[in-house]
Every structure is written in structure tokens, then in C-alpha cells.
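*Asks:* Sequence and predicted structure, then a few things I'm wondering about:
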Amino acid sequence: AQSVAQPEDQVNVAEGNPLTVKCTYSVSGNPYLFWYVQYPNRGLQFLLKYITGDNLVKGSYGFEAEFNKSQTSFHLKKPSALVSDSALYFCAVRDVETGANNLFFGTGTRLTVIP
Amino acid sequence: KAGVTQTPRYLIKTRGQQVTLSCSPISGHRSVSWYQQTPGQGLQFLFEYFSETQRNKGNFPGRFSGRQFSNSRSEMNVSTLELGDSALYLCASSPGPQENYEQYFGPGTRLTVT
């Protein structure tokens, strides 16, 4: 069965500092991994995905993620945090075992960027 | 392109009633998925539709149902509402069901059951 884990419920970082939001995954085949962000009273916004290829994936709003197969991780990163980055971040993996299209989401990590 | 739209944005219903939520995907997108988001259970997959056919269904009771129309618009229905159905219901669309496509989410419908 596929699953993702986000070990940190809350991450605090000072504005201008680099940020990392952690995600580990468990899949039986090739991983299809995604990061989404949710602002209050909004739906989820797509940030980036890893399907295949380079382990460093670049996405929207200056975010990037590093795929590490040996550590089964897909951590989200940004070199310099902005206050506007404060939001709820979700890591997700696609259910490819059954050929379905649905996403399995982690429990989310609340990022707070302190001015 | 316009994003995924969901109507209504907010609903208050009473236990035992039924409710229908609507989702219009991004133009050209033919795959629509529904998710339930609650503080306790997080984001959980409900079902997925493509070409008016349900391709997959999550682990929810039969009170939860859905359909997709020929224009790719989708509806989900919850009958005999329970307090535990209070949640944010999110619709997502993608061009097709292929696994490399990302899903684009609507703003959600906030359902409150009293």
C-alpha cells in the first residue's frame, strides 16, 4: 500500500532563512510525488511534482523539492522564506498500484514564517 | 483558463437530509476527483470520474455517490447526512487519468451538518 508521512505538524522559520518541510513515502513501484499548499479557506494549490528524471525538482513560487530514493524522501525546500509562505503544506503520492488516479496525502505541515 | 469551480461554497444541513455538491473542471479536463478534508481524518479520496465513468472509489459508505456529465462537470451526493459528514469537500480536475498529471483543486464546499 502507498502512503506518505509528514513527521512535523508545525515548522517555524524566520523570514529570509531557508525552509524545509519533510516528507517520506512508501510505495511498491515507481513513486509519483506531489506537493500542494493550502491557504486559509482555500483549496489546494499545486506546487511541484516528481515523476522521473532529475532528483531536484523546481516548482512554483521559488519552491523546490529533492527526491531521494535511498531515503524514500521528498523534502520541500525554499532558499529564502517569505511571510506569505505561511500556510499548510501537503505531500502526496499517487496510487499507481491499482491504476487509479487518486492521491494519498500526508497529514500536512503548518509552516509559519516569522517576520 | 478559469480554475476549478465548486458550488455552493458553504452549506448548512440537518442530520438525515441529503445534499448535492457541484464541480466544474478546468476547460479541457476530463478527469474529476473528489476528496473529503476533516481535521481528524485529513484529506481522504472519495471517488474519481473519467468520461462519465467512475474509475475508482475510496473507502466511504454507499451514502456517498457521484456522477459525471458529458461536459465533464461532476456532482457528488450525500444522503442521510450524519454529523461526521461535516467537512470541506474538494474537487480536483486533470486532463486525464494518467498518473503523471497533477490535479488542480477547487476552493471546496464547506458542509456543516447540525
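*Replies:* Nice, I can see it.
*Asks:* tell me which parts of chain A are close to chain B?
*Replies:* Within chain A, the positions near chain B by C-beta under 8 Å from any C-beta of the partner chain are A:32, A:34, A:36, A:41-46, A:49, A:51, A:90, A:94-96, A:98, A:100-108. The way it works is simple: take the backbone N, C-alpha and C, and place the C-beta from them, glycine included.
*Asks:* So, low pLDDT: which residues of chain A?
*Replies:* Applying pLDDT under 70 to chain A picks out residues A:98-100.
*Asks:* So which of the residues of chain A next to chain B are in strands?
*Replies:* A:34, A:36, A:44, A:45, A:46, A:49, A:90, A:94, A:103, A:104, A:105 (DSSP state E).
*Asks:* How many residues are close by the fourth one?
*Replies:* Residue crowding around residue A:45 was assessed by other C-beta atoms under 10 Å in any protein chain shown; the count is 16.
*Asks:* which ones are touching the closest residue in space to residue A:27 that isn't next to it in sequence?
*Replies:* Leaving aside its sequence neighbours, residue A:27 sits nearest to residue A:2 (C-beta to C-beta, 6 or more residues apart in numbering or on different chains; 4.9 Å). Listed by C-beta atoms under 8 Å, 6 or more residues apart in numbering or on different chains, the contact partners of residue A:2 are A:25, A:26, A:27, A:28, A:93, A:94, A:95, A:96, A:97, A:104.
*Asks:* for residue A:2, phi and psi?
*Replies:* With angles defined as degrees, to the nearest 10, residue A:2 sits at phi -90, psi 150.
*Asks:* Tell me how far it lies from residue A:33.
*Replies:* Distance of residue A:2 to residue A:33, computed by C-beta to C-beta, to the nearest Å: 10 Å.
*Asks:* Give the intersection of the neighbour lists for those two.
*Replies:* Both residue A:2 and residue A:33 are in contact with A:25, A:93, A:94, where contact means C-beta under 8 Å, 6+ apart.
*Asks:* since we're on the second one, how many residues are nearby?
*Replies:* So the one you mean is residue A:93. Considering only other C-beta under 10 Å, residue A:93 is surrounded by 22 other residues.
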